[in-house]
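# For reference, the sequence and a predicted model appear below.
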Amino acid sequence: MLELDLTAELDRQLSVCNACRYCEGFCAMFGAAQLRTAIGSNDVAYLANLCHDCRMCFDACMFTPPHAFAVNIPAAMSAARVETYARYAKPAVLRRLLATPRNAALAAVAAGIVVVALAIALWAGVAALWTPQLGAGAFYRVLPYLAMVVPALAVTVFGAACVVLGVRHYARDIGGGVRFVTAPALWTALGEAVTLVYLKGGGAGCYDEGRGSGRRRFYHGLVFWGVLADFAATCSAAVLQDFVHQLPPYPLLSVPVVLGTGGGIALAIGAAGLTLVKRRSDARPAEPRMIALDNAFLGLLEVVALTGLALLAFRSTAAMGSLLAVHLGAVAGLFVTAPYSKFVHFVYRLVALVKNASERTGGSS
Amino acid sequence: MGGPLDAPVLLTSRPPGRARPREVDVVICGGGNAALCAAITARRAGASVVLLERAPQYMRGGNTRHTRDIRIAHAAPNAAATGAYPEDELFADLLRVTGGETNEPLARLTIRESTGLADWMAEQGVRWQKPLTGTLHLSRTNGFFLGGGKQLVNTYYDSALRLGVQVEYDATVRSLELDGRCVTRVVFETGAGEQRLACGAVVVAAGGFEADVDWLREYWGDTASGFMIRGTPYNTGLALKAMYDAGAKPAGDPRGLHCVAVDARAPRFDGGIVTRIDAIPFGIAVNAAARRFYDEGEDLWPKRYAIWGKLIAEQDRQLAYAIFDAKTAGRFIPSAFRPERAGSVAELAVLLGLDPPALVATVAEFNAAVRPDCDVRLGALDGCGTAGLIPPKSNWAQRIDTAPFYGYPLRPGVTFTYLGVEVDAQAHVLAQSGDRFENLFAAGECMAGNILSRGYLAGFGLTIGTVFGRIAGVGAAQYARA
């Protein structure tokens, strides 16, 4: 399996890094690598997810190809992250979705749309797909509340369980039998994750379209806060419906619509921006398999954001039924593929950050 | 950027009164730290600037690529360094490593100007970072730039290009055309052929000549064949030769070179910092005959580190081997390649290509001379020396008896050469006859020997290069635009 070759290759490259140490100021990965005289596959799983792919170390390295030392840490780390996602995917049989992310995303979205459209046709008749619906409960006249919530909850619970199982396995491996999750370490790691501090390159930014760029971190922030705002919008809508007993659609200035619109716009801009930044970046420090995962996941987010915004814009028109089918289908595609897509990156990265925080304070090593 | 200079553009319209047609105000020969500092400074002073870098773009920056810190005097903590490092203390450090052989006015000038470098470098976009771990406690005397020397070079190129400096890669300087003591044209080659660039002033900042092994052979004989070159293969001293051909006065010992022990398995060129081997004080060093040849425990860093290059150069085929055991493995800074490892001294000898009985005998003789009751403390001169052994090991002598046994094959690795040209305080190159060239300036490694005549002072080469690069850039711009 490729994994063994990758471990040997990173062991070789990091022995150059550990002798040099010039990149120590960019991120936490190099400091963590220095604590390890030999790199095993669990070290690779840990270090690769500690790497945030800012690529400054590639730009700063005098030993990149064609130098005989052929050091290319971002590419090797990206490859190792792809391996991590596959190795810890549960159930294991679904890990092959990670090998064809574009097809998996397209198939999931297409299936989602077909299923939702069929459900609408069966419940409200085919005409509901092109008949305007107005007033409270308009969406539920097209598709009943339970038909939306029950499958969504089922997919979410299943996906979350799969991710949790995978991450527990991951944490056990990188911990090497030592528990490293403590409250202070978790707090430090959350702070580092939310601020994306390791996309700052120690103050230099990222090496993408140009040198010292802040774009990657900016767009990544938009995606993150956009997703969070959309999640908050969903929660606030549930509160309005179940506790205040107001049925959607909600007015433009209501909490769910403001959060959802803001989040959708942020997500749409962020996902498009990140895709463009990655496309325009120097390809040498990139890993094609990771780029494929990035593009599929960002594309999925983009579709969800744009169809959500379109649904909001045209919810009072004849297009509402069809747009609802497309948007819910895309959301279903996103959720179904989540445990086998780039979605999982933040969970592994957060665990790696916790381990690093614990390691730095002497929690374990 | 990077295309050949097919048809040199008339970069400035000169006021009448100048006899010579001019294509550019200032030509910089070289593409490392000193060259870039000169280019940026000259351009900021209003001159049009062409920079001729011999390397292709991906190898640009000379040996600056392998640096990571710069020595700066400072009265109080600043963005780059902690505490205070008075000018007199830096000067005393310089006298200590050079044995007093320095051009004092130039040295004092360099040190005085170094006090402003942290701010100037930050203005060019250089970022300072907290001192790295394992960097020999230099946080007070030296500023560490984020990402090391290649990042510094990248930052300076970005800055120079933004300012409008024209950069030519793959441009090899061949000669300087003269009119009396005035350089009129720089002759250089690119893929497009030979070109003669008419200019107002020239700054040569093209490093030393350590990558020209034939040139080294002139002073070192066949010994030079065993040298590894730790830096760029493009430092062959062609621009230095061009200055000598023009009548420049040499400065520095032609045989002088800084040379440390490096891993013999490393690439011949450009292994940088990661191939140096710091293991010798932790065990013994033997030559190709498996015999010890020098006191491995003589002194602490940096002396113990810097002397071994030349000691190994004196050995047969310029080869030596550091031998140690499990007790000291992992106690020193790691290098890029793992040591050879074996269960017995004889097996280790086989792996290293040494005669097994000879190495076993040498280790046994050494072990028998170790004082068994001594409390070995690496990190200080512990006085744990051998008894009755020639040569002795004066400190840190402990038996090599615990498997696994380790060994590194070693060669001398040349960091830089000291030979250059003599300059004055305005970075003007001096002629053999004692007068100075009107418009020829030098900065960096090719004049550092005026100040650092021998020895090694971490980060001070970059100080000299930055200070004299700026002086040369201002001087060249002023001359060209006067």
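Right, received. Where do you want to start?
# make it CA atoms for all contacts and neighbour counts henceforth
Will do.
# Can you give me the domain boundaries for chain B?
B:24-254+B:418-481, B:260-413 (automatic domain parsing).
# Just the endpoints, please. Distance across the shortest one?
Start and end residues of domain B:260-413 are separated by 5 Å (CA to CA, to the nearest Å).
# Any residue of it touching chain A?
Yes. Domain B:260-413 is in contact with chain A by CA under 8 Å from any CA of the partner chain, via B:267, B:273-275, B:333-337.
# in the chain, which helix or strand is least confident?
No chain specified, so I'll use chain A. helix A:2-20 (a mean of 89; mean pLDDT, DSSP states H and E).
# nope, chain B please
helix B:303-306 (a mean of 69).
# Tell me where the model's unsure across the chain.
Assuming you mean chain A. For chain A, the stretches with pLDDT under 70 are A:1-4, A:363-365.
# my bad, the chain I had in mind was chain B
In chain B, residues with pLDDT under 70: B:1-21, B:131-137, B:301-304.
# Tell me the residues of the stretch 51-200 of chain B that contact chain A?
Close to chain A, as judged by CA under 8 Å from any CA, the stretch 51-200 of chain B has residues B:59, B:65-66, B:68, B:127, B:129-130, B:132, B:146-151, B:154.
# Sort out for me which of these are in strands.
With strands taken from DSSP state E, the overlap with these comprises B:Gln129.
# who wins for most neighbours among the residues of the stretch 51-200 of chain B next to chain A?
Among those, B:Gln151 has the most neighbours (other CA atoms under 10 Å in any protein chain shown), with 30 neighbours.
# How about the contacts made by it?
By CA atoms under 8 Å, 6 or more residues apart in numbering or on different chains, the residues touching B:Gln151 are A:59-61, B:65.
# one more time with 6 Å
A:Ala60 (CA atoms under 6 Å, 6 or more residues apart in numbering or on different chains).
# where does residue 187 land in three-state SS?
Reading this off chain A. helix (DSSP: H, G, I helix; E, B strand; the rest coil).
# To clarify, I was referring to chain B.
Assignment for B:Val187 (three-state DSSP): strand.
# what sits opposite the residue nearest in space to the middle of chain B in the beta ladder?
For chain B, B:Phe416 is the residue whose C-alpha lies nearest the centre (CA atoms, centre = their mean; 4.3 Å). Bridge pairing for B:Phe416 (DSSP bridges) gives the partners B:His258.
# From B:Gly461, how far off is it?
10 Å.
# Equivalent analysis for A:Leu134, please.
For A:Leu134, the distance to B:Gly461 - CA to CA - is 77 Å.
# show me what contacts B:Thr67?
Counted by CA under 6 Å, 6+ apart, B:Thr67 has contacts B:Gly149.
# According to the record, where do the domains of chain A fall?
If you go by automatic domain parsing, chain A breaks into A:2-87, A:93-360.
# Up against chain B, what does chain A have?
A:15-16, A:19-20, A:22-23, A:60 (CA under 6 Å from any CA of the partner chain).
# For those residues, which ChimeraX command selects only the ones that are buried?
Buried residues among the residues of chain A next to chain B (16 or more other CA atoms under 10 Å in any protein chain shown), as a ChimeraX selection:
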select /A:15,16,19,20,22,23,60
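# next helix or strand past the least confident helix or strand of chain A?
helix A:28-34 (DSSP states H and E).
# Neighbouring strands of the helix or strand hosting B:Ile28 in the sheet, and parallel or not?
Using DSSP H and E, B:Ile28 falls within strand B:24-29. Next to strand B:24-29 in the sheet, as set by DSSP bridges, lie strand B:49-52 (parallel), strand B:193-204 (parallel).
# Could you dump those strands into JSON lines with mean neighbour count added?
Shown next, in JSON lines, are the strands paired with strand B:24-29 (neighbours: other CA atoms under 10 Å in any protein chain shown):
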{"stretch": "strand B:49-52", "mean neighbour count": "26"}
{"stretch": "strand B:193-204", "mean neighbour count": "23"}
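# how about those in TSV, adding distance to A:Phe343?
As requested, these are exported to TSV (distance: least, CA to CA, whole Å):
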stretch	distance to A:Phe343
strand B:49-52	47
strand B:193-204	54
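# Report the angle between the longest helix seen in chain B and strand B:24-29.
In chain B, taking DSSP state H as the definition, the longest helix is helix B:460-481. Taking axes from the mean of the first three to the mean of the last three CA atoms, to 10 degrees, one finds that helix B:460-481 is oriented at 160 degrees with respect to strand B:24-29.
# what about the helices in chain B?
Applying DSSP H to chain B gives helices spanning B:33-44, B:87-98, B:104-114, B:117-123, B:149-163, B:213-220, B:238-245, B:303-306, B:308-313, B:345-352, B:356-369, B:445-448, B:460-481.
# What helices and strands are in contact with the longest one?
In this case it means helix B:460-481. helix B:33-44, strand B:69-71, strand B:193-204 (3 or more CA pairs under 6 Å, 6 or more residues apart in numbering or on different chains; DSSP states H and E).
# Buried deepest among the domains of chain B, which one?
domain B:24-254+B:418-481 (a mean of 22; mean count of other CA atoms under 10 Å in any protein chain shown).
# Next, the contact list for the residue nearest to the centre of chain B, please.
Counted by CA under 6 Å, 6+ apart, B:Phe416 has contacts B:210, B:257-258.
# can you rerun that using 10 Å?
For B:Phe416, the contacting residues are B:63, B:207-211, B:229-231, B:235, B:256-259, B:445, B:461, by CA atoms under 10 Å, 6 or more residues apart in numbering or on different chains.
# before we move on, back to that, quick one, the longest helix of chain B and helix B:104-114 angle?
Going by the same axes, to 10 degrees, helix B:460-481 makes 90 degrees with helix B:104-114.
# Tell me what angle helix B:460-481 forms with helix B:87-98.
Going by the same axes, to 10 degrees, helix B:460-481 makes 110 degrees with helix B:87-98.
# Nearest residue to A:Leu298 in space, ignoring adjacent ones along the chain?
A:Ala271 (5.3 Å; CA to CA, 6 or more residues apart in numbering or on different chains).
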